[in-house]
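S.K.: take a look and give me a structure for this.
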Amino acid sequence: MKVITVSILCILHLVGYAQQRKFTVIEDGSRIPLAGVVAKGERDEILAVSGKDGELSFPKSLKNNTLQFSLIGYVTRNVDLDELKVGDTVALYRDVQALEEVVVINTGYQELSKERATGSFEFIDNELFNRRTGADVLSRLENTVPGILFDRRGQTADQLSASENNIIVRGVGTLSDDIKSPLIVLDNFPYGGNIEDINPNDIESVTVLRDAAAASIWGARAGNGVIVLTSKKGRKARSMRVDVNSNLRLNGKPDLFEYERMSVKEYIDMERELFEKGFYNNTLSNRTRFPAVTPVIELLDLNKRDLLSQEDLEEKLSSFATNDFRKDYERYFYRTAKNYQNHVSLRGGSEKHQYLFSAGADNNESVLLGNNTDRYTIRTNNNYQLLPSLKMEVMSVYTQTKTTSNSPGDYTVLNYDVGKQMYPYAVLHNDDGTMASLVKTYRSSYIDTAGSGQLLDWTYNPLRELNSADNINEGNAININVGINYTLTRDLQFDLRYQYENIRNTTSDIRSEEMFYTRDLINQYSFLNDGIVGYNLPRGSIIDKSNIHTRSHALRLQANYNKIFAHGGELHLLAGNEIRDDRSNGNVFRYLGVDKNTLGYSSVDNLTMFTKWDRLGRGRIPTYGNLTGTNNRFVSFYGNGSYTFKNKYTVSGSTRHDASNLFGASANNKWKPLWSLGGKWNLTAESFMDFSWLEDLSLRITHGVSGNTNNTISAVPILSIQNASGSIINRPQAVIQTPGNEHLSWESIYMTNIGIDYRLFNSRFSGTIEGYSKVSKDLITGMEVDPTTGMVAILANSGEMRGMGVDLSFTGRISQRVVSWESTFLLSYNDFKISHLNYDFSTTRGLNTALGNGSRITLNNGQNNPYGIYSFYWRGLDNEGNPVGLSDGVETTDYRSIINNTMIGDLAYHGSALPRYFGAWRNTIGWKNLAISFNISFKMGYYFKKAGLSYTSLYQNGIGSPDYGRRWQKEGDEAHTDIPSAVYPADSRRDQFFLASPANVLKADNIRFDDITLNYTFDKSALKSLPFENIKIFAHLNRLGVLWKATSRDLDPDFNVGNAFYPPARQITFGVNLSL
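M.R.: Modelled structure (predicted):
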């Protein structure tokens, strides 16, 4: 009986199709099918609505009727139905003025027009996305839309691209540094690969989901916002189009002399003074490790032992004082970076098949010599109309990358011993042109005689390291995305989507005997046997290899219901289920004694404690090998709906329930859905708002909750199994990395958003104003536990944070015949404070983090920003040059008392380390086919902590500071300097207090000339002889400099953290785009 019933229904369905007259609505000129076109009859009744393929159907019985075809952004057209034949197309003309405001938003689950969206979305079309150049996707979003802050503090000249970790959407929503980035969605699924593997030339548009109504559909991974990337696709009813893009980006060398540094003479004078005071006595008398000392100290020691005359000493020291290591390093280790970017795409299609094929090749030569990155991408997209009611989409992307990392690194990271910065008078070449030997690990006087010539060369030169390094990472990524869409009725559709990701990364670091590390290790484990050198560590190369293999499966089944009612209502519903399985396996292992010719290697005894060469100590041969594996599974149920009445009132809602193997059964079994509610009122549709100058005025309000997930912790204990070579008892052991917590759950972020959209005076002025409040609960952070458990604290849902903000965008357009000017102003403000922590602030735990440079989250209960700048209270310098602080409210120079008696809550809070106000002013001026665009960005309301002078770091680690020359040297200097006097021996607590004093805290406010773009387009309509449809040539200049900054110090506030002692240089890009 069931078979008969089903058969009858299928026959009736086919008969229904046979009795329909079908037409396709297209855009005039491009012939792109138009979805959502409403066809009305003579009595204004809705007869049909076109689907994604532009098709609509009418009963054959419908005759003698004039149809009205309408779509927002297009001129309404009336057509006599009797004049249309089956299969005909109806072309609609663009309403250019109105179409500028028609934006189709892709949330990753659905496409909707911005007119019926209640949430906070920012849409970046292809033109705006390609306004900036760059090899990665995310850096093109910088200073483009409000609410997105790029935190580039600490980036060096070699770090030109942006990662998810650089981006903060609408302020901080978590207390975990590792999970503060937004979710990246690529073609409807979360992207699990390296964001730099995505070729920006393959991206059609970007949508940023900023509030709960926009992002909560993504559930427990959307608390920090969502960035949805939509790739380019084929086009229906169009002949094949070929697009070719090619550009060259040049990035200048960093200027190592940009900022003032401690002079070489000051450094040598400091070393002489320390030598005379006996600072190096223990080091020079060390006959166990023979630790390295600088050439100046070697000379002073020779002079002291009457092995070098005073005259020769002074001559050599004077010669050293004329050197500056920055000159050699800038010359031999930096270069003008070049990025070659080439991309070609072919796309087109027929009624039943649309296709796209693209290929890209990027070659990036880093500003650091020896570092290069190559990326090759191939992408296909095919859409098939298998049946009138059945469509299929197949996308595939293959990415191959190769990254070479052979540079020793930036100038500031080069050391001559553990933690000791390279002395500033080092030179890379001798006077005769040969490579100079720089001090490394051991005293020069020791390695010159060790082994009487039988050991491997124990000298060191960075150039030799650069030329011998062989460190390569190779990656291969495959992404396959398949979608099936079945239309059951005109209003009801089903989507089935599947995505498969397969990512492999292999790193190979081959250190031959030309590398100091290899020669040093072999020498350490050498021994004498009857006067002949033997090797416990065999000679040959040392190869470290690591492999990471990630596989991901995602499956989604979704039902979509879209209904337009005759009374003027629109109902849009979707519901679905999604499952995801992420698996990752890795291994790390080391090969010793590798013969590069035969590729043979040796086994070694890695358990025995060997006596090293010449009393250098005892130790095991450093080998390692381990296996890692993770398996994260997610299951989700979700739904979303909206109803619009007469284009006036819209209400929306969404709900989602997530479960994961990361959470315990207790959390997964609780029905704690993530949800949102929203509403929108189109005031211009009201009769009382009928003003000729007002085209659009809409009010939106939403409230909802989304979440964050920390994949590094789990409801069950996470163990790390270590092999026997890492154990003092030569037995494998297990270490508890994180204890289990059955109550562990995702973080919950509640957000309320109110927005106003407006468009005035014939679209001459338009913009958006949004205000929001944000409350983050169940934040994962440290919670103190009973110490008898063997732990002091665990990570648990124990924090809360509150904040609010405003996002504003305003665009003005002025057009006069051949000249046009469009100006856009963006402004964002946000302020976030920790409101609750289960944490004992009566202790000094966390004090060092609080007194840092603000790059890490500081846990505090003082209603302050989690990324705050703190300092001790101080009272300047006394008449002996000592910094004066407060202990229990009393002025003192007892630094032990100051530090021990100060809790986090007692510190002076200056403000946020992240800007509270930021934005940009973008202008585009066009004249005929010439266009120029420039952008000015600003950041306000924040502070930074400069690298201060620490005598402990200077004496022990050679880390100098330009403040050394401004230090207190005589009584009375305290009136015009805040740099303490030099004392011997150095007092580490005195230095700690000064580094964390207000003397090193500066306002970071600044305005920058961000970039400027110049382009000219040659169009075939104007030049008939042109062999292309159009060709555009352009030049783009980036990082043009700071126009104004609040501090008078010669420092860049955004590039003064960590090793970034100089800002990246300017960039210039030349390119051409061809369309055939």
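S.K.: where does the stretch 201-350 of the chain have low pLDDT?
M.R.: Applying pLDDT under 70 to the stretch 201-350 of the chain flags the ranges 237.
S.K.: quick one, strands of it?
M.R.: With DSSP state E, counting those that start in this stretch, the ranges of strands along the stretch 201-350 of the chain come out as 203-209, 226-231, 238-251, 337-349.
S.K.: so which elements touch the helix or strand where Ser748 lies?
M.R.: Per DSSP states H and E, Ser748 falls inside strand 747-760. Other elements packing on strand 747-760 under the criterion 3 or more C-beta pairs under 8 Å, 6 or more residues apart in numbering; DSSP states H and E are helix 212-215, strand 694-708, strand 765-784. To be clear about C-beta, it is placed using only N, CA and C from the backbone, and glycine gets the same treatment.
S.K.: by mean pLDDT, show me the worst of those.
M.R.: By mean pLDDT, the lowest-scoring of these turns out to be helix 212-215, with a mean of 86.
S.K.: who touches that one?
M.R.: Residues outside helix 212-215 that contact it (C-beta atoms under 8 Å, 6 or more residues apart in numbering): 107, 117-121, 183, 209, 222-223, 225-226, 652, 654, 676-678, 702-706, 749-753.
S.K.: at 7 Å instead, please
M.R.: Helix 212-215 is contacted from outside by 107, 118-121, 209, 222, 225-226, 652, 676, 678, 702-706, 751, 753, using C-beta atoms under 7 Å, 6 or more residues apart in numbering.
S.K.: what do you get for stretch 294-314?
M.R.: With contact meaning C-beta under 7 Å, 6+ apart, stretch 294-314 is reached by 268, 271-272, 275, 280, 284, 316-317, 320, 423, 439, 444-445.
S.K.: one more: stretch 121-135?
M.R.: 103, 105, 114, 140-141, 144-145, 147, 161, 200, 203-210, 214, 247, 249, 339, 341, 362, 364, 933, 1011, 1013, 1036, 1069, 1071.
S.K.: residues of the strand holding Ser748 that come out buried?
M.R.: Within strand 747-760, the residues that count as buried by 16 or more other C-beta atoms under 10 Å are 747-755, 757-760.
S.K.: also stretch 694-708?
M.R.: Residues Glu695, Asp696, Leu697, Ser698, Arg700, Thr702, His703, Gly704, Val705, Ser706, Gly707, Asn708 are the ones in stretch 694-708 that count as buried (16+ other C-beta under 10 Å).
S.K.: between these, which is nearest Ile564?
M.R.: Closest approach to Ile564 among these (C-beta to C-beta): Ser698, at 20.0 Å.
S.K.: so that closest one touches Asn682, yeah?
M.R.: Yes: if you go by C-beta atoms under 7 Å, Ser698 and Asn682 touch, sitting 5.0 Å apart.
S.K.: buried ones among the contacts of stretch 121-135?
M.R.: Here, 16+ other C-beta under 10 Å leaves 103, 105, 114, 140-141, 144-145, 147, 161, 200, 203, 205-210, 214, 247, 249, 339, 341, 362, 364, 933, 1011, 1013, 1036, 1069, 1071 buried among those.
S.K.: let me see the contact set for Ile203.
M.R.: By C-beta under 7 Å, 6+ apart, the residues touching Ile203 are Phe129, Val137, Leu229, Ser231.
S.K.: with neighbour count and distance to Gly812 as extra columns, can I get those in a markdown table?
M.R.: Listed next are the contacts of Ile203 as a markdown table, based on neighbours: other C-beta atoms under 10 Å; distance: C-beta to C-beta, whole Å:
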| residue | neighbour count | distance to Gly812 |
| --- | --- | --- |
| Phe129 | 18 | 22 |
| Val137 | 25 | 29 |
| Leu229 | 24 | 29 |
| Ser231 | 19 | 32 |
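S.K.: which strands or helices does the lengthiest strand in the chain pack on?
M.R.: In the chain, with assignment by DSSP state E, the single longest strand is strand 569-594. Contacts defined by 3 or more C-beta pairs under 7 Å, 6 or more residues apart in numbering; DSSP states H and E place strand 569-594 against strand 541-564, strand 625-645.
S.K.: and after the shortest one, which helix or strand comes next?
M.R.: Looking back up the chat, that one is strand 625-645. strand 649-660.
S.K.: could I get the buried residue list for stretch 423-434?
M.R.: For stretch 423-434, by 16+ other C-beta under 10 Å, it's Tyr423, Pro424, Tyr425, Ala426, Val427, Leu428.
S.K.: ends of it, what's the gap?
M.R.: Using C-alpha to C-alpha, to the nearest Å, one end of stretch 423-434 lies 20 Å from the other.
S.K.: buried sites along stretch 296-305?
M.R.: Judged by neighbour count (16+ other C-beta under 10 Å), stretch 296-305 contains these buried residues: Val296, Ile297, Glu298, Leu299, Leu300, Asp301, Leu302, Asn303.
S.K.: how near is Thr518 to Val244?
M.R.: In this view, Thr518 and Val244 are 46 Å apart by C-beta to C-beta, to the nearest Å.
S.K.: looking at those two, which one has more neighbours?
M.R.: Neighbour totals were compared for Thr518 and Val244, and Thr518 leads with 22 against 15 (other C-beta atoms under 10 Å).
S.K.: before we move on, back to that, nearest to Lys1020, of the strands of the stretch 201-350 of the chain?
M.R.: Taking C-beta to C-beta, strand 238-251 is the member of these nearest to Lys1020, at 13.1 Å.
S.K.: right, and the helices and strands packed on strand 569-594 - which one's nearest Pro739?
M.R.: strand 625-645 (17.8 Å).
S.K.: and the strands in the stretch 1-150 of the chain?
M.R.: 20-27, 38-40, 46-49, 55-59, 66-70, 77-80, 89-92, 104-106, 111-113, 121-124, 148-150.
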